[in-house]
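Engineer: coords please:
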Amino acid sequence: MYALGRGPLPDGGCRVVTAHPAGSRPEATDSRELLEALTDENKLLSRRLQRERRIRREAEEIAEKGLRDLYQRQMRLETLSRLAQQLSAALTPRDIGAVLSEELLNAAGADALSLGLVNANRRDLDWVTTLGYSRAALDHLARAVLLSDRTVSTDAVRSGQPIAIGTSAEYADTYPDDVHWSGLNGAESTVGWPLVAGGEPFGVLLLVWTETQPLDTAQRAFISAAATMVSQALVRARIYSDEHARAAVLQAAVLPSTPVETPGLEVCVTYEPADASHGLGGDWYDVMPLPGNRTYLAVGDVVGHGLSAVEDMAQLRSAGRALAHHGLSPAQLLAQLNGFTRDASNGKFATVAVAIFDRDDAWLSYSTAGHPPPLFRQSSTGTVSRLSAAHGPVLGPVPGAGYTESGLAVGPGDILMLYTDGLVERHSEDIDTGIAEAERILADWDPETGVSRNCGLLAELLSTRNRADDVCVAVVRFTGSGC
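Structural biologist: The predicted structure is shown next:
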């Protein structure tokens, strides 16, 4: 197309006169250009729509996974609460197996479950509960297993450590002599978790899935909490069947004699029962490493003495550990523990002080439930203060109770003291006088001396008293790693 010139119009405007080369068709050229433009535009819109669909689909998948994980976490917490409540009434291994069948098998998503106990000769593993297995697998499990054999279950008992096998191929590589058993039930993922009392493995909880499991931190934490509760229930069953062994077995199961070693912390614990002839009371402590360089600290007191108090103590301690491992803050943990105490405990009443130390941030968050305030000694000044800014009612009596939470920065050499009321209560004086004395004792401690020696001096002081209540004291010195 060519422009030949301009010509005037009557209204004063102008027009452009054009001509096309011989043989050309302006209508065809314009249509073709328009079609090409529309085609290009459609392609661009199609690509945009595909990208938007992909982004929307990915967002929906992320949201769906988040909701799935949240739902699964809530279900696991509810399962642990029901499991602890029902196991508290289970008096025999058979009762415990029935509870596992009702609560744990479905909640864990496992296809089969078995509970094995080391027999009296300490050479064999006897299965007391087997659920969900094929007939061929049950025939295989009917025989006692030698502890010297190499299997998931026996390795877990011998080592005292959980054994997790993610796939059938991994099982075949790890246990070639036992691969036949895995095939009998179509096992894909297998976990053997040791049952421990007083630091001594006495059995195993075996879970089997026919589909591959992630066996991630959350799933392992759930299995660990369940296995701890099963251990406690089995210990109680042994006590009911053997009254003579109840004190030694139960105390060893629920109250470790020494705290676990934790990076960044030096810990000393003193426990003095009021009734020295039995040593059974409701006081407890806990020191447990958590994911993310955090540590859970707790000291609690269940009302009463004797077997029922220790049962409540065992349940609350296990429930507190499970809630802490699920990432709950101190205030959230106490709110959940309050409902658990109300529904599951015998005495319906307990007090506790909990704290979570974040080593990376050098920060201590805490809260208390009807419990004496923790004491904190600042190394740089030597001053001792009561951590009383965060509190709430005792656990159990108040439904839906709320708890406040506070925190403070921690420096190298700082000391935290958690204790039960038996340390500061006396018939002739009010509790505030006893707390003031504990503050004075803590203030006089040599900051260069390890807490173990100072804790020993505290034990000597306590041993001179005529106590009507148990005493549990956990002293934590922050060593500087991460502070």
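Engineer: Need the nearest residue in space to the residue most central in space within the chain, chain neighbours excluded.
Structural biologist: For the chain, H325 is the residue whose C-alpha lies nearest the centre (C-alpha atoms, centre = their mean; 2.2 Å). Distances taken as C-beta to C-beta, 6 or more residues apart in numbering place A221 nearest to H325, at 4.6 Å, with adjacent residues excluded. The C-beta positions use only the backbone N, C-alpha and C, and glycine is treated the same way.
Engineer: Next, that neighbour: phi, psi?
Structural biologist: The phi/psi pair for A221 (degrees, to the nearest 10) reads phi -60, psi -40.
Engineer: roughly how far apart are the residue nearest to the centre of the chain and I441?
Structural biologist: As for H325, its distance to I441 is 33 Å (criterion: C-beta to C-beta, to the nearest Å).
Engineer: likewise A319?
Structural biologist: From A319 to I441 the distance is 32 Å (C-beta to C-beta).
Engineer: ok, these two, which is more surrounded?
Structural biologist: Between A319 and I441, counting by other C-beta atoms under 10 Å, A319 is the more crowded of the two (26 against 17).
Engineer: quick one: what helix or strand has the more buried one in it?
Structural biologist: helix 307-325 (DSSP states H and E).
Engineer: Let's see that helix as PDB, backbone CA atoms only.
Structural biologist: Extracted in PDB, the C-alpha atoms of helix 307-325 (Å, rounded to 0.1, in the frame of the first residue of the first chain):
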ATOM      1  CA  LEU A 307       0.300 -45.300  94.700                       C
ATOM      2  CA  SER A 308      -2.600 -43.100  93.400                       C
ATOM      3  CA  ALA A 309      -0.400 -40.000  93.800                       C
ATOM      4  CA  VAL A 310       2.400 -41.600  91.900                       C
ATOM      5  CA  GLU A 311       0.000 -42.700  89.200                       C
ATOM      6  CA  ASP A 312      -1.200 -39.100  88.700                       C
ATOM      7  CA  MET A 313       2.400 -37.900  88.800                       C
ATOM      8  CA  ALA A 314       3.300 -40.300  86.100                       C
ATOM      9  CA  GLN A 315       0.400 -39.300  83.900                       C
ATOM     10  CA  LEU A 316       1.000 -35.600  84.300                       C
ATOM     11  CA  ARG A 317       4.700 -35.900  83.700                       C
ATOM     12  CA  SER A 318       4.200 -37.900  80.500                       C
ATOM     13  CA  ALA A 319       1.400 -35.600  79.300                       C
ATOM     14  CA  GLY A 320       3.600 -32.500  80.000                       C
ATOM     15  CA  ARG A 321       6.500 -34.000  78.000                       C
ATOM     16  CA  ALA A 322       4.200 -34.800  75.100                       C
ATOM     17  CA  LEU A 323       2.700 -31.300  75.000                       C
ATOM     18  CA  ALA A 324       6.100 -29.700  75.300                       C
ATOM     19  CA  HIS A 325       7.400 -31.800  72.400                       C
END
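Engineer: Now do it, average pLDDT.
Structural biologist: The pLDDT scores in helix 307-325 average 88.
Engineer: For that helix, enumerate the helices and strands it packs against.
Structural biologist: On a contact count with 3 or more C-beta pairs under 8 Å, 6 or more residues apart in numbering; DSSP states H and E, helix 307-325 meets helix 26-87, helix 217-241, helix 246-254, strand 281-290, strand 294-305, helix 330-344, strand 350-358.
Engineer: Could you dump the ones you listed into TSV with mean neighbour count and distance to L375 added?
Structural biologist: Shown next, in TSV, are the helices and strands packed on helix 307-325 (neighbours: other C-beta atoms under 10 Å; distance: least, C-beta to C-beta, whole Å):
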stretch	mean neighbour count	distance to L375
helix 26-87	12	31
helix 217-241	21	29
helix 246-254	20	25
strand 281-290	23	15
strand 294-305	24	12
helix 330-344	22	17
strand 350-358	26	10
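Engineer: Now render those as CSV, adding distance to P263.
Structural biologist: Putting these into CSV (distance: least, C-beta to C-beta, whole Å) gives the following:
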stretch, distance to P263
helix 26-87, 27
helix 217-241, 18
helix 246-254, 25
strand 281-290, 8
strand 294-305, 9
helix 330-344, 21
strand 350-358, 11
